[in-house]
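*Asks:* A structural model of the following input is requested.
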Amino acid sequence: FQVKSENGNTIWNTEEVPEGSEFDDTWDPREQPEYQILFKQCVGTEDVFFGMSRKDPSTACCEDIVIKIKLPETKYSDITLDIQDKILDLRTTKKKLLLHLPYSVDSKNGKARFLSEEETLEVTLRVSRQFDFINFV
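*Replies:* Sure thing, here's the model as predicted:
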């Protein structure tokens, strides 16, 4: 089974290239900052006390991904942040982070805030899920 490309000059199809590889730069000398990935879940009394929903503490039931990135000696104006559906690309003058996210996210409606006292950038992204029996009953 051969797949023909539309353009005869291309070497491979776009489906064959790993997602996010256009951001990767192996020759960039900037170091990767420390980061932490956390998952956030909205729960109510029906979840905690009554067990009425099918939610559990796993990441499959979480609505948001929170990424905390330590950026010492960095000003807010020096940060460049690009969010794609499965990629977080952060660049400063001294640091670079290309992060492949564990779930697809809503790249248009995220929030980012820089906590200058802690020298941390906190990025909150809504997980983009298909309808399933756990999160949408």
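*Asks:* pLDDT weak spots in the chain?
*Replies:* 1-8, 12, 14-26, 43-61, 130-137 (pLDDT under 70).
*Asks:* all helices for it, in order.
*Replies:* Shown for the chain, the helices assigned by DSSP state H span residues 45-48.
*Asks:* bridging residues for the residue nearest to Gln36 when sequence neighbours are not counted?
*Replies:* Ranked by CB to CB, 6 or more residues apart in numbering and with sequence neighbours excluded, the top spatial neighbour of Gln36 is Lys68, at 4.6 Å. C-beta: built from backbone N, CA, C; applies to glycine. Counting by DSSP bridges, Lys68 forms beta bridges with Gln36, Glu122.
*Asks:* surely Lys68 touches Thr124?
*Replies:* No: if you go by CB atoms under 8 Å, Lys68 and Thr124 don't touch, sitting 10.0 Å apart.
*Asks:* span of stretch 30-40 from start to end?
*Replies:* Terminal residues of stretch 30-40 are spaced 30 Å apart (CA to CA, to the nearest Å).
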